[in-house]
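Visitor: Make a model of this:
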Amino acid sequence: MIKRKIYYISIIAFVSLSACGLKPSKHGKLMGGIRPYEEQQGEKSWAEALENTSEKKDKNKQSGEQIAITGGLEVPGKLTDRPEQILKRVAYTASYNSDLRIPNWVAWQLTGAQTEGKNKREGVKFHEDIDVPEPRAVDFDYVRSGYDRGHLCPSADNRWDAKAQEQSFLLTNVCPQDHNLNVGDWHELENMCRKWAKCYGKIYVVAGPVLLKRKHKTIGKNKVTVPEAFFKVVLCMEGKPKAIGFVYRNESGNHPKSFYMNSIDDVERITGMDFFPGLPDDVEKTVEATCNLNDW
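Guide: Modelled structure (predicted):
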């Protein structure tokens, strides 16, 4: 009788998880309904995106063109399934999505020396980016919206240069972000990345929104899209190469970093992006398949 009850309870639990859309990653974690991008967008579009990315990667590996154009390992592969305008800044590169009025991703190198400097955020205001077409995000879109102006490339990563600090407040480096996430767990990860940069000398970082296949909430007159979640991936090439990824729901929470941890492969499946395509194939395959905070 006891065994029969346990069996029925197990069946009910499985059905409940399936109904909630909770999907375990290959690391055994529940990703809270954030399904892989190919399931959200359809197999055909995903296959086409992978094919285009693969062709570009092979071509660039032969010529060395990608690193020369993008300026470093941190820049993801070209996006073929959504609007993309590349914006080159002093400290970072951004991929802007004109349909959503937010970036697809923001990528930057961070050295230990760049975590220090006299150029702090005091007196610097958020401002619209005139390099992208209208309609575009303006500061007033965030007023009384209930969301913070959440940096992707953080202000504190740009203390080393006045122009870099000013550009970090461009609204093309910003997404609507839950306040408690912005000042809480996301902020803690930003601090951790700066510690890693000091420890190893240099890291490569990419951060951006996660958009699920649904109607998105927007804020302001210009309909700035509110992401359902955020990702951040980090690569270190000092010593034995290693990489790690994180996915955060755009909501309040107070969890250890391991709660948000994913492999780069997992984050690629969730976002439909190709991270660190400039790496040699064998290195890319190894570092993107595993994630372990103890390695850091």
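
Visitor: where are the low-confidence patches of the chain?
Guide: 1-71 (pLDDT under 70).

Visitor: Where do the helices of it begin and end?
Guide: With DSSP state H as the criterion, the chain has helices at 2-20, 37-41, 43-63, 65-70, 162-167, 179-183, 185-200, 257-260, 264-271, 281-289.

Visitor: domain ranges for the protein?
Guide: Segmentation of the chain into domains, based on automatic domain parsing, reads 1-33, 42-295.

Visitor: Let me have the ones you listed in CSV, extended by mean neighbour count.
Guide: C-beta: built from backbone N, CA, C; applies to glycine. What follows is those, written out as CSV (neighbours: other Cβ atoms under 10 Å):
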stretch, mean neighbour count
domain 1-33, 11
domain 42-295, 18
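
Visitor: what sits opposite Asp148 in the beta ladder?
Guide: Taking DSSP bridges as the rule, Asp148 bridges to Gln177.

Visitor: Enumerate every residue touching it.
Guide: Asp148 sits next to 142, 176-179, 182-183 when contact means Cβ atoms under 8 Å, 6 or more residues apart in numbering.

Visitor: Out of those residues, which is nearest to Thr111?
Guide: Ranked by distance to Thr111 (Cβ to Cβ), the contacts of Asp148 are led by Asn182 at 24.6 Å.

Visitor: Confirm for me that the closest one is in contact with Gly150.
Guide: Yes: the pair Asn182 and Gly150 qualifies as a contact (Cβ atoms under 8 Å) at a distance of 4.9 Å.

Visitor: so where do the strands sit in the stretch 101-250 of the chain?
Guide: Here the stretch 101-250 of the chain has its strands, by DSSP state E, counting those that start in this stretch, at 102-111, 148-151, 174-177, 202-210, 218-219, 224-225, 229-236, 242-249.

Visitor: Mind giving me the packing neighbours of the first one?
Guide: Helices and strands touching strand 102-111, by 3 or more Cβ pairs under 8 Å, 6 or more residues apart in numbering; DSSP states H and E, are strand 93-97, strand 174-177, helix 185-200, strand 202-210.

Visitor: now it: how far from the chain's centre is it?
Guide: Relative to its parent chain, strand 102-111 has a centroid offset of 8 Å by Cα atoms, centre = their mean, to the nearest Å.

Visitor: got a list of contacts for it?
Guide: Contact with strand 102-111 is made by 72, 74-76, 79, 82, 84, 91-97, 137, 152-153, 157, 172-176, 193-194, 197, 201-209, 224-225, 227, 273, as judged by Cβ under 8 Å, 6+ apart.

Visitor: Thank you, goodbye.
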